[in-house]
Each structure stands twice: as C-alpha cells, then as structure tokens.
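Undergrad: here is the input, now give the coordinates:
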Amino acid sequence: MMKIAIFDYGAGNLFSLKSALERNGAKKVDIIYDMEHLEKYDGLVLPGVGNFDPAIESIEKDNKNLGSAIEKGMPVMGICLGMEMLFNRSEEGKLEGLKILDGEVVMLPKGKVKVPHMGWNNLIIKGKSRFLEGVRNGSWVYFVHSYRTVPSDKKLVVASSDYGTSVPAVVEKGNLVGVQFHPEKSGEVGAKMIKNFIAMCRKARAEKK
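TA: Next up is the predicted model:
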C-alpha cells in the first residue's frame, strides 16, 4: 500500500492537507514528528504552517535523513513555508535554511502591495513539469504568504505569479517540488496537482521494486 507522510513542525492543524491527499488518491497518510523511518514511505509533504526558525529547529536533526531520501528519489512536496525552508536562508528568521536548494527567501515588496498576500492569483507556467501536468496556463490558486523565494538557478522555476513582483510559484528539481501557494485550498486546480504528486509517489514506489 502506498504511504505518504506529512511532517508536523508542531505548528498547526494539518487535517485539511491530510484530507486533500486522501481525497485525491493517497491510500494511507501519516502525520510524523521525526524522519527516522522515512524509508517506510513513498512520498513526503512539508506543510505550509508555522514560522521559519521554529520549523527549522524542529526539522534540523532530520536534515540528513531528508537529504538522503531526496537523493534516493523520494518525491517531496514543500508547501509555502515547507518550500521556503529548502533554501539557504530567509529574511523571516535568523537560522540557516536546509540548503537543499540554492537561494534565499525575501519579503514581498511591502510598500507596493498588501502583505501578507492572502487570496487567489493566477499562474504563469514557464516550463515542463510533472507536478503541473494537465494544469492550464493562467489557472488560479490560493496564496497565504509574506515571503517569496529567490532561487539562484532560475531554471528551477516552472511557474510564477505576479504580485507586485514575480513570485516563484512552483519550483521543481527531479522529485522535489516546492509550491508557494496552498494546493489543498486551491479547488480543482489544486486537486489536479495533488493527484500529480501522488502519481510521482506511485512511480517512485514502482521503480524501487
């Protein structure tokens, strides 16, 4: 049976995310508090709740396990904060990020737009992406964020959104996906992305056998 884990930083209610994964085809979804037994799972979600430094503190001890799982091809989806943590540093905190992706996280342009950005915005799809398969350019998704990522390698950005500046909305590198918005709150478009992520997990599981 295919199993997906959601890592809990201890920051909030993960029920809607768990429900969205189950509703869109994940047979078993566990909320986990450490990554000692990641090998039992076929995919991992880093959720979008919490603040940068406390989340980094809760995941730091598992950084090697996480890096190893990604290297072995486990699909990982970082949502909002979960995406931001993958980079080197963030203006939100003082601690270093996980340094899995090269780049930084900066605040949205405060004088230019309302911060935090809460609401629907459309996607500008820039490149081929397994996560965005079947998603139309211009599709609307739901954002709740005050920060945006600035990847060193611009080719990682497969979709962006405009909010006073260009916001990397989806970054993708192999089986690693980061999304700045919340797919679990983005209606049918978000459901399609979640199904695509589950398909990535299913494929990775088949390749392991």
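Undergrad: where does this structure have low pLDDT?
TA: Applying pLDDT under 70 to the chain flags the ranges 209.
Undergrad: going by length in residues, pull out the top strand of it.
TA: Ranked by residue count and defined by DSSP state E, the top strand of the chain is strand 166-173.
Undergrad: just checking: what are the partner strands of that strand?
TA: When pairing is defined by DSSP bridges, strand 166-173 lines up against strand 157-162 (antiparallel), strand 176-179 (antiparallel).
Undergrad: mind putting those into TSV with mean neighbour count and distance to residue 109?
TA: From N, CA and C alone the C-beta is placed, and that goes for glycine too. Converted to TSV, the strands paired with strand 166-173 look like this (neighbours: other C-beta atoms under 10 Å; distance: least, C-beta to C-beta, whole Å):
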stretch	mean neighbour count	distance to residue 109
strand 157-162	20	12
strand 176-179	26	21
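Undergrad: between the ones you listed, which one is nearest to residue 98?
TA: strand 176-179 (11.1 Å; C-beta to C-beta).
Undergrad: enumerate every residue touching residue 81.
TA: Counting by C-beta atoms under 8 Å, 6 or more residues apart in numbering, residue 81 touches 46, 47, 48, 49, 50, 51, 52, 55.
Undergrad: ok, the third one touching residue 183?
TA: No. Using C-beta atoms under 8 Å, residue 48 is not in contact with residue 183; the gap is 9.5 Å.
Undergrad: quick one: common contacting residues for those two?
TA: Contacts common to residue 48 and residue 183, judged by C-beta under 8 Å, 6+ apart, are residue 79.
Undergrad: who has more neighbours, the two?
TA: residue 183 (29 against 26; other C-beta atoms under 10 Å).
Undergrad: is the residue nearest in space to the middle of the chain in a helix, a strand, or coil?
TA: Residue closest to the mean C-alpha point of the chain, counted by C-alpha atoms, centre = their mean, is residue 78 at 2.0 Å. At residue 78 the chain is in strand, as set by DSSP: H, G, I helix; E, B strand; the rest coil.
Undergrad: repeat that for residue 48.
TA: Classification of residue 48 by three-state DSSP places it in coil.
Undergrad: not counting sequence-adjacent ones, nearest residue to it?
TA: Excluding its sequence neighbours, the residue lying closest to residue 48 (C-beta to C-beta, 6 or more residues apart in numbering) is residue 80, at 2.9 Å.
Undergrad: residues touching that neighbour, list them.
TA: By C-beta under 8 Å, 6+ apart, the contact list for residue 80 reads 47, 48, 49, 144, 145, 179, 180, 181, 182.
Undergrad: no more questions from me, cheers.
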